[in-house]
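# build the 3D model from these lines:
(4 chains)
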There are 2 protein chains.
Amino acid sequence: MAKKKEQVKEKPLSAELRIKEAARKVFTQKGYAAARTRDIAEEAGMNLALLNYYYRSKEKLFELVMLESIKEFFLGLTGILNNPDTGLGEKLELLADSYISMLIREPNFPLFMLSELQANPDKLIELTGTKDFMNKSVFFQQMAAHLKKNKMNFSPMHVVMNMIGLTVFPFIGKPMIKLMSGMKDKEFLQLMEERRKLIPVWMKTMFKIN
Amino acid sequence: MAKKKEQVKEKPLSAELRIKEAARKVFTQKGYAAARTRDIAEEAGMNLALLNYYYRSKEKLFELVMLESIKEFFLGLTGILNNPDTGLGEKLELLADSYISMLIREPNFPLFMLSELQANPDKLIELTGTKDFMNKSVFFQQMAAHLKKNKMNFSPMHVVMNMIGLTVFPFIGKPMIKLMSGMKDKEFLQLMEERRKLIPVWMKTMFKIN
DNA sequence: GTCTATAAAGTGATAGAC
DNA sequence: GTCTATCACTTTATAGAC
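Numbers count the residues shown, from 1 in each chain, chains lettered A, B, ... in the order given. Below you'll find the predicted structure:
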């Protein structure tokens, strides 16, 4: 195994990594079925045969890329959710801020993940190994207590769904939103920046936090 | 059964219609790229050749089905949005109620529509002919006035995005939500029924309506 | 490791019998 | 109108030269 830790500079990636990142891009943009291995090879600037040489098959490559992305996504989520030192309001602010940034950086990721998850719901359970981690989170416990104290008799999962919906939906629905409103990309981006601050405010108002 | 004026009986559909409805189901479940014409024929209980006989090609069939669904979707939306005789609160209640019902009936529709819309953003503009109808809607005007009066200095599009996000997202994210929470279908459905009433309440709280 | 050429399998569409 | 058989083309994957 060769050492690679000194590759901090923007050194050209190895063929192996170039393929993986090209795959991430193409899969995320077009989905598994519509993505062709030829597209990926071309995006990586190299030959189709290399893909199979390094990753055996389209499906293996897909699973690898998918698993990496999902893991990173859930890690960011649980990191904020399970901090015992922050309150509900602060957690909402951190979540909105962190995910708006991620979504501006990778706007196609959620639709990709949710589509593939729907196409094959079982695979992800198997891939992630995680299950009902939300119920056990610090955030969930804090929220359950808060709702009870304030006589809001519904599941904390409503809060979670609202938070994700408010944050993620505009990115998933961007083409529809642009169609309905005639907005341009620049204007859309500006609205998303506004939501960084607005979403926590709305959430706190909705659920009487602070 | 004796003759009735209305054909309430489940009369077998013609081959032509059976194919179209089978196509709607398969396209909606798997998306355009992953759907095979053979799947559609099988779902319709008939031969592959009939598909081409009636609809010329996979793409033609897809466009037809897509256009029908989208038209119905936008029609329901504008019907509520453009009623000058209802106020903001009532519109929000009608929207939530109508769309929760639709989503329980066709839970796969939004992800399908949004995925295909992302894969080919231009096609839909061409197919629907509609553009920035939201800005011209009665709802949008009412909301703009309301926001201004209450010193909320942001675009009414935020309200629209929140409303759709709160309503639609749980259905799009169902597999992820089930993964995070360990929920079963029955429990999920119960939460969706609760949201019928909760969403308008949350929206009114968020935007100080009533 | 990387390429070209090609095998092997999948998929949309059609011809032609009935 | 509906079927079977088949064509034409695409796409994944591999063999073999370098």
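# could you find the closest non-adjacent residue to residue A:150?
Nearest non-adjacent residue to residue A:150, counting by Cβ to Cβ, 6 or more residues apart in numbering or on different chains: residue A:208, 5.3 Å away. Yep, even glycine has a C-beta here, placed from its N, CA and C like the rest.
# is that neighbour in a helix, a strand, or coil?
Classification of residue A:208 using DSSP: H, G, I helix; E, B strand; the rest coil returns coil.
# I'd say it and residue A:147 touch.
No - between residue A:208 and residue A:147 there is no contact under Cβ atoms under 8 Å: 9.2 Å.
# out of the two, which sits in the more crowded spot?
residue A:147 (18 against 13; other Cβ atoms under 10 Å in any protein chain shown).
# what does chain A have sitting close to DNA strand C?
Remark: the part of chain A in contact with DNA strand C comprises A:15, A:16, A:46, A:47, A:48, A:49, A:50, A:53, using Cβ under 7 Å from any atom of the strand.
# of all these, which two lie farthest apart?
Within these, A:16 and A:48 form the most distant pair, 14.7 Å apart (Cβ to Cβ).
# how about the residues of chain A near DNA strand D?
A:35, A:36, A:37, A:38, A:48, A:49, A:52, A:53, A:56, A:57, A:58, A:59.
# spit out the contact partners of the third one.
With contacts defined as Cβ atoms under 8 Å, 6 or more residues apart in numbering or on different chains, the neighbours of residue A:37 are A:48, A:51, A:52, A:58.
# let's see that with 7 Å instead.
Neighbour list for residue A:37: A:48, A:51, A:58 [criterion: Cβ atoms under 7 Å, 6 or more residues apart in numbering or on different chains].
# which non-adjacent residue is nearest residue A:84?
residue A:138 (5.3 Å).
# what count of nearby residues applies to the one you found?
The burial count for residue A:138: 16, using other Cβ under 10 Å.
# what separates it from residue B:100, distance-wise?
Residue A:138 sits 31 Å away from residue B:100, going by Cβ to Cβ, to the nearest Å.
# likewise for residue A:54?
In this view, residue A:54 and residue B:100 are 47 Å apart by Cβ to Cβ.
# what about these two, which has more around it?
Neighbour count, other Cβ under 10 Å: between residue A:54 and residue B:100, residue B:100 has more, with 21 against 16.
# that one - nearest residue in space that isn't next to it in sequence?
Leaving out its chain neighbours, the residue that sits closest to residue B:100 by Cβ to Cβ, 6+ apart is residue B:196, at 4.7 Å.
# returning to that earlier point: so which of the contacts of residue A:37 comes closest to DNA strand D?
Nearest to DNA strand D among these, counting by Cβ to the nearest atom of the strand, is residue A:58 at 3.5 Å.
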